[in-house]
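Visitor: Need a 3D model of the following:
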Amino acid sequence: MSPTELAKLEHSFASDPSSDAYKPLAEAYLDLGRFMEAMVVCKKGVKAHPTAADPRLLLARVYAAQNKDKKALEEVQGALQVQPEDKAALRMAGVLLIKGGEQENGRASLLKAYQADPGDPETVTLLQQYKVEIPR
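Guide: Residues are numbered from 1 along each chain as shown. Have a look, this model is predicted:
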């Protein structure tokens, strides 16, 4: 991402912090490894969109990128409280739980993600990767 594009995102977010502008800006910061900025922007996104899973999932990705899996899982669980059927949140919860040694809960979460959208290729890949059997 060019500095000009980043500046446009920053301006867009600064002029309306309650808009969805937090998302591309936080993702840009995350891609650049600017975790503190990404975290601040995500937290404002959570505040502006309390009933959406997206800002919490993005914040979870920021934590996960820093190997703060426990904090990441807390955010994912917060996302699931507001949107219990969110397949991206269920997927991420599954992976984080398995990484944290909670195999059964992790597998159950991946299966819930699959049930929410059986055609989702990301979920199917994770089910195969973690050897989770799909019930017939």
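Visitor: Tell me how many other residues surround the nearest residue to residue 1 once chain neighbours are set aside.
Guide: Counting by C-beta to C-beta, 6 or more residues apart in numbering, residue 28 is the residue found nearest to residue 1 once chain neighbours are left out, at 5.4 Å. C-beta here means a position set from N, CA and C on the backbone, and glycine is covered the same way. For residue 28, the count of nearby residues is 18 (other C-beta atoms under 10 Å).
Visitor: same check, this time on residue 93
Guide: By other C-beta under 10 Å, 28 other residues sit near residue 93.
Visitor: what sits against it?
Guide: 73, 76-77, 80, 106, 109 (C-beta atoms under 8 Å, 6 or more residues apart in numbering).
Visitor: Look up how far residue 100 lies from it.
Guide: 10 Å (C-beta to C-beta, to the nearest Å).
Visitor: Could you tell me which residues touch both of those two?
Guide: 73, 106.
Visitor: still on that earlier bit, regarding the residue nearest to residue 1, what is its secondary structure?
Guide: Three-state call for residue 28 (DSSP: H, G, I helix; E, B strand; the rest coil): helix.
Visitor: quick one: pLDDT of it?
Guide: At residue 28, the pLDDT value in this model is 97.
Visitor: cool, residue 91 as well?
Guide: 97.
Visitor: which among the contacts of residue 93 end up buried?
Guide: By the neighbour-count criterion of 16 or more other C-beta atoms under 10 Å, the contacts of residue 93 include these buried positions: 73, 76, 80, 106, 109.
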